[in-house]
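Student: The amino acid sequence is not available; the structure is as follows:
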């Protein structure tokens, strides 16, 4: 429901909005600064994004774009952020500097997300809903941590939410200008992640549905102009990248899902390239299939990840809000619903086909659902007053109880939100620092986890290193032992551990974070993986 303020109250409303936005920026800034200062190791996918950014800076762009399986906008922001960061942190090792650059690019975008979320909530309900939804997204564990790590989520969600805001304005005002802005923002979101195309698809579907319903139909000239502007602006941004890579998306996951919906990855040659990488992908993903019942497991996986992303409680409030405010679902609000449905079907298909799913895959659904969750939190005390009757008014008043419930929900996530990022991976960073001192880039390294190679600094070499005369070329193998589920994955053959010589041992049992026990072995023969193509050191 769109707010309508009287002209005389416009200045005070503007100052009220600015005050609420300032509070959101302060809260989000404090949370993200704490997380950046307490990052042990970045997410493993961040190594791939930093590699991409480094290649963009030192190689020809068309070749780099065609050679990477990720969309380029977030790596471009990492490359740009690294320029001033390298000047400020010139005395620090380059791997640490690039981690800060990648986190800074994601964190700034995640912090700026408060602006489109606030105004989107204000357009759908009121400024209180916009403030509450943005506050929850900055404080809840999954959203706050994913948009502070070296991941593309911050940039993607900023652009996708901006596109949703423009889509709501466009459908309510029948404005071709806003449809064009929605297309531009959706195109930029697509350049970050392929799911960015869902916003423009949802806006187009809602516009088509409006024309099908006689009572809601627009003049055909207006509808055609808006649809053409939406499509043209989207293609204007996305088409050059598609022309360079000569396909819709280079992501292996998307290609596998598009090729076949119900194939078992290990046995299906159509998705063999993704199947062999599945154990590596599972290292940074929340759940992966452990049985043969794919359909039920995939539904359970989607529900589990949504439950985590909503912090186990907000999803119930979101469903309640959708029911209570179902009659307020106008064309603009339906864009968010359609986006959630489309993304929900895609993530379910990802789980069905590839057998894994991550919490961050459902963050856009979580973001959209928080508006209805906060609206339900606002409505609940008022309905309790009505149910009890005028003789039993709540004390304090209903708005105060709404604020208390909101703060309780936001505060309940902070203990987990403020935990250090990936503390259990610190052993890999220490192993990389040991390799930087003891090994040379001319040595061979089997590192299916990629962190040790990265923190050794070998990623940033200009070219292949030559063997040092008189020095034997060593062959290093990285292993780890932990209580987590991924330690069962056959990343390194057991024969290597039995026959190799232990060179480095980094147990973290005495560490307060109780991380993995990382070991480095040397072997004296040419190492071959058990099956499939050679493991890649960089994702």
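Tutor: Good, I have the coordinates. As the structure is a computational prediction, the values presented were derived from the model and not from experiment.
Student: What ranges in the stretch 251-400 of the chain fall below the confidence cut-off?
Tutor: By pLDDT under 70, the low-scoring segments of the stretch 251-400 of the chain are 258-293, 388-395.
Student: Show me the strands in it, by range?
Tutor: Using DSSP state E, counting those that start in this stretch, the strands of the stretch 251-400 of the chain run over 287-288, 356-357.
Student: Partner strands of the last one, with direction?
Tutor: This points to strand 356-357. Applying DSSP bridges to the sheet, strand 356-357 is found paired with strand 287-288 (antiparallel).
Student: quick one, phi/psi of the residue nearest to the spatial centre of the chain?
Tutor: Nearest to the geometric centre of the chain sits residue 153, at 3.0 Å (C-alpha atoms, centre = their mean). Main-chain torsions, residue 153, degrees, to the nearest 10: phi -60, psi -40.
Student: Excluding chain neighbours, give the residue nearest to it in space.
Tutor: residue 146 (4.6 Å; C-beta to C-beta, 6 or more residues apart in numbering). To be clear about C-beta, it is placed using only N, CA and C from the backbone, and glycine gets the same treatment.
Student: Name all residues that make contact with that neighbour.
Tutor: Listed by C-beta atoms under 8 Å, 6 or more residues apart in numbering, the contact partners of residue 146 are 153-154, 359-360, 363.
Student: and it, how far is that from residue 441?
Tutor: Residue 146 sits at a distance of 32 Å from residue 441 (criterion: C-beta to C-beta, to the nearest Å).
Student: backbone phi and psi for the closest residue to residue 425 other than its chain neighbours, please?
Tutor: The shortest distance from residue 425 to any residue other than its chain neighbours is 3.9 Å, reached at residue 41 (C-beta to C-beta, 6+ apart). Main-chain dihedrals, residue 41, degrees, to the nearest 10: phi -150, psi 140.
Student: which residues touch residue 41?
Tutor: Here residue 41 is in contact with 421-423, 425-426, 428-429, 451 (C-beta under 8 Å, 6+ apart).
Student: can you rerun that using 6 Å?
Tutor: 422, 425, 429 (C-beta atoms under 6 Å, 6 or more residues apart in numbering).
Student: got it, and residue 79?
Tutor: 53, 56-57 are the contacts of residue 79 under C-beta under 6 Å, 6+ apart.
Student: Filter these down to the buried ones.
Tutor: 53, 56 (16 or more other C-beta atoms under 10 Å).
Student: Closest to residue 249 out of the contacts of residue 79?
Tutor: Nearest to residue 249 among these is residue 56, at 18.1 Å by C-beta to C-beta.
Student: Then the closest one would be within a strand, right?
Tutor: No. Using DSSP: H, G, I helix; E, B strand; the rest coil, the assignment for residue 56 is helix, not a strand.
Student: Am I right that it is in contact with residue 64?
Tutor: Yes. The pair residue 56 / residue 64 is scored as a contact, 5.5 Å apart, by C-beta atoms under 6 Å.
Student: For the chain, just list every one of the strands.
Tutor: Here the chain has its strands, by DSSP state E, at 287-288, 356-357, 444-446, 475-481, 501-506, 517-522.
Student: What helices and strands are in contact with the third one?
Tutor: In terms of contacts (3 or more C-beta pairs under 6 Å, 6 or more residues apart in numbering; DSSP states H and E), strand 444-446 is packed against strand 475-481.
Student: what does the fourth one give?
Tutor: Secondary structure elements in contact with strand 475-481, counted by 3+ C-beta pairs under 6 Å, 6+ apart, are strand 444-446, strand 517-522.
Student: just the last one next, same as before
Tutor: The criterion is 3+ C-beta pairs under 6 Å, 6+ apart, and the helices and strands that strand 517-522 contacts are helix 426-438, strand 475-481, strand 501-506.
Student: Which one, of those, ends up nearest to residue 16?
Tutor: Of all the helices and strands packed on strand 517-522, helix 426-438 sits nearest to residue 16, with 44.7 Å by C-beta to C-beta.
Student: so the closest one versus strand 501-506, what angle?
Tutor: If you take axes from the mean of the first three to the mean of the last three C-alpha atoms, to 10 degrees, helix 426-438 sits at 120 degrees to strand 501-506.
Student: Off-centre distance for helix 426-438?
Tutor: Between the centre of helix 426-438 and the centre of its chain there are 28 Å (C-alpha atoms, centre = their mean, to the nearest Å).
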